[in-house]
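>>> can you look at this prediction? I've put the sequence above it.
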Amino acid sequence: MDHSQLITEALSALRPHRAGDRLFGDVASVLVTEAGHHYRGVCIDTPCGTGFCAEHAAVAAMVTAGEYRIAEIVAVWRDEAGRPHVLPPCGRCREFLRQIDDANLETRVVLGRTRSAPLRELLPAHAWPEPLEG
């Protein structure tokens, strides 16, 4: 499957802005819900650690609209030379996506123009463990 259109949509949401040592909007994410709606988000970097990833912002827009099931998601960034990169979600984002809806373990995470994987493969130890015996 070619993910170029979704990647291009995410790239169009990039509008980096520097404020002192903070950078806003240099990573963008687009997710597609099971219903086919697209939601965008950008990262907010803060020096005190209260910022959030682009995937979190896209999920917040989705939840605000009353949806919870993600069919596909991508995050992008441009390096200093302007070259686009697809970024896999960080560990915090992987767990966040899973917790929004258990069915999101099947979300297709775009990893490149022709590569994707279900979230379950990127978050293999996702089930609560069984209690220890004895």
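All right, it came through fine.
>>> specify the local secondary structure of residue 18.
Counting by DSSP: H, G, I helix; E, B strand; the rest coil, the backbone at residue 18 sits in strand.
>>> all strands of this structure, in order?
For the chain, the strands identified by DSSP state E occupy 17-19, 22-33, 38-44, 70-78, 84-86, 108-112, 115-118, in order along the chain.
>>> parallel or antiparallel, list what pairs with the first one.
On the basis of DSSP bridges, the sheet neighbours of strand 17-19 come out as strand 22-33 (antiparallel).
>>> what does the fifth one give?
Within its sheet, strand 84-86 is paired with strand 70-78 (antiparallel), according to DSSP bridges.
>>> how big is the angle separating the partner strand from strand 108-112?
With axes from the mean of the first three to the mean of the last three CA atoms, to 10 degrees defining the directions, strand 70-78 sits at 30 degrees from strand 108-112.
>>> just the CA atoms of strand 70-78, as PDB, please.
Coordinates of each C-alpha in strand 70-78 appear next as PDB, following Å, rounded to 0.1, in the frame of the first residue of the first chain:
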ATOM      1  CA  ILE A  70      -8.000   4.800  14.700                       C
ATOM      2  CA  ALA A  71      -7.600   2.900  11.400                       C
ATOM      3  CA  GLU A  72      -4.300   4.500  10.400                       C
ATOM      4  CA  ILE A  73      -1.800   7.000  11.800                       C
ATOM      5  CA  VAL A  74       1.400   8.800  10.600                       C
ATOM      6  CA  ALA A  75       3.800  11.300  12.100                       C
ATOM      7  CA  VAL A  76       6.300  13.400  10.000                       C
ATOM      8  CA  TRP A  77       9.100  15.800  10.500                       C
ATOM      9  CA  ARG A  78      11.500  17.700   8.300                       C
END
